[in-house]
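Trainee: Build me a structure from this.
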Amino acid sequence: MQPTSKPSEPGQGSAEPRLCSRTFTSMGTVVSLAIPAAPGTAPQASVEELEAATAVVEQLFKGLDRTFSLYRPDSEASALARGELALRDTSPDMRRLYVEASEWRTLTDGAFTAERPDGVVDLSGIVKAHAIREAGTSLLALGLKDWCLNAGGDVLVDGSPTPGSARPWLAGIIDPENRSTLLTAFPLGNAGKHALATSGTSERGHHIWSAGLQAAPNEGFRQVSVAAADIITADVLATAIMAGGAATLALATSHWDVDVLAVKNDGGLLATPGFRNLATAG
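Mentor: Numbers count the residues shown, from 1 in each chain. Okay, here's the model as predicted:
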């Protein structure tokens, strides 16, 4: 999934803001921060504001990566996985995130879990969303009111690409059959939906552990996108639905205010009203 909100090129006398962005790599993925530069703002001032905000976000992501990455042999998560460190002896951040992941396991009837089949604690199913959440909090603390943060296709927004308006950000959802095309673009920032996350076998299947992925070809899901008020709910439920299949999809839509677009293994689509309305409008 990629954010697709791009204000049109300003013409002579246009009040359309420019959309400026910066990217960096962390947690094995590309992270992008975009903010609109309102008309009348000095270009250099906008660039400096964006670069300062990006530096804060990058520092946060890389700090969490040093703690939680299982690809870094020197991380706390790796020491825990090797049995060199007991969970009770880990840092407060590690224990807090483990507790949060465990709560989601209960809420999703076990579809989401922080333990791999071999018993190793693996928080990769929630840590990126946690980083996005913390980065969003930091951006608001910096006084930024309009921004789009995209980490490997999981998106959190605030405000609008046109400051002061009700215009939504648009988050595009890639077609898993043809990754050069989009299935649709979901408006974020309206109706309380500020986050969208996508989980799938072609994206991040390494942290999805469920027999549901070995279901009959026409019963499982190849990709699930969830729009929610917050990024943790969106990301966890996208992973849980991928793992738990139709039963978890029914649970998610009955217990949370979310919109879901699920691509079945046979190529069919299942969509909640928010996504179906997009198709009708198109």
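
Trainee: Low-confidence stretches in this protein?
Mentor: The chain contains residues with pLDDT under 70 at 1-16, 38-43, 45, 190, 202-219, 279-282.

Trainee: Centre-most residue in it?
Mentor: Asp154 (2.5 Å; Cα atoms, centre = their mean).

Trainee: need the contact list for the closest residue to that one other than its chain neighbours.
Mentor: Of all residues not flanking Asp154 in the chain, Ala197 sits nearest, at 4.3 Å (Cβ to Cβ, 6 or more residues apart in numbering). To be clear about C-beta, it is placed using only N, CA and C from the backbone, and glycine gets the same treatment. Residues in contact with Ala197 (Cβ atoms under 8 Å, 6 or more residues apart in numbering) are 1, 129, 153-155, 225-226, 228, 231, 234-235, 237-238.

Trainee: Scan the residues you listed and report the most crowded one.
Mentor: Counting neighbours by other Cβ atoms under 10 Å, Ala238 leads the contacts of Ala197 with 34 neighbours.

Trainee: what about Ser124, distance to Leu70?
Mentor: 7 Å (Cβ to Cβ, to the nearest Å).

Trainee: Let me see the contact set for the closest residue to Ser75 other than its chain neighbours.
Mentor: Leaving out its chain neighbours, the residue that sits closest to Ser75 by Cβ to Cβ, 6+ apart is Ser69, at 4.9 Å. By Cβ under 8 Å, 6+ apart, the contact list for Ser69 reads 27-28, 75, 77-78.

Trainee: Just the buried ones among these, please.
Mentor: 27, 75, 77-78 (16 or more other Cβ atoms under 10 Å).

Trainee: Next, count neighbours for Val120.
Mentor: 14.

Trainee: And Ala86, by the same measure?
Mentor: 9.

Trainee: Against which helices or strands is the longest helix that the chain contains packed?
Mentor: Longest helix in the chain, counting residues (DSSP state H): helix 43-68. Secondary-structure packing of helix 43-68 (3 or more Cβ pairs under 8 Å, 6 or more residues apart in numbering; DSSP states H and E): strand 18-26, strand 29-37, helix 76-81, helix 92-107, helix 124-141, strand 147-151.

Trainee: what helix or strand is the closest residue to Pro176 other than its chain neighbours on?
Mentor: Excluding the flanking residues, the one nearest Pro176 by Cβ to Cβ, 6+ apart is Gln223, at 4.6 Å. Element membership for Gln223 (DSSP states H and E) is strand 221-228.

Trainee: sorry, back to before: for the contacts of Ser69, which one is nearest Ala53?
Mentor: Met27 (18.3 Å; Cβ to Cβ).

Trainee: neighbours of Gly200, just the number please.
Mentor: 22.

Trainee: ok, the residue nearest to it when sequence neighbours are not counted - contacts?
Mentor: Among residues not flanking Gly200 along the chain, Gln223 sits closest, at 3.5 Å (Cβ to Cβ, 6+ apart). Gln223 makes contact with 176, 198-203, 242, 262-263, according to Cβ under 8 Å, 6+ apart.

Trainee: what do you get for Glu58?
Mentor: Taking Cβ under 8 Å, 6+ apart, we find Glu58 in contact with 24, 26, 31.

Trainee: change it to 7 Å
Mentor: 24, 26 (Cβ atoms under 7 Å, 6 or more residues apart in numbering).

Trainee: ok, back up a step: convert the helix or strand encompassing the residue nearest to Asp154 to CSV, retaining C-alpha atoms only.
Mentor: Per DSSP H and E, Ala197 falls inside strand 195-200. The C-alpha trace of strand 195-200 is given here as CSV (Å, rounded to 0.1, in the frame of the first residue of the first chain):
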residue,chain,number,x,y,z
ALA,A,195,-4.8,4.8,9.9
LEU,A,196,-4.7,2.1,7.3
ALA,A,197,-2.6,-1.1,7.4
THR,A,198,-2.2,-4.0,5.0
SER,A,199,-1.0,-7.5,5.8
GLY,A,200,-0.4,-10.2,3.3
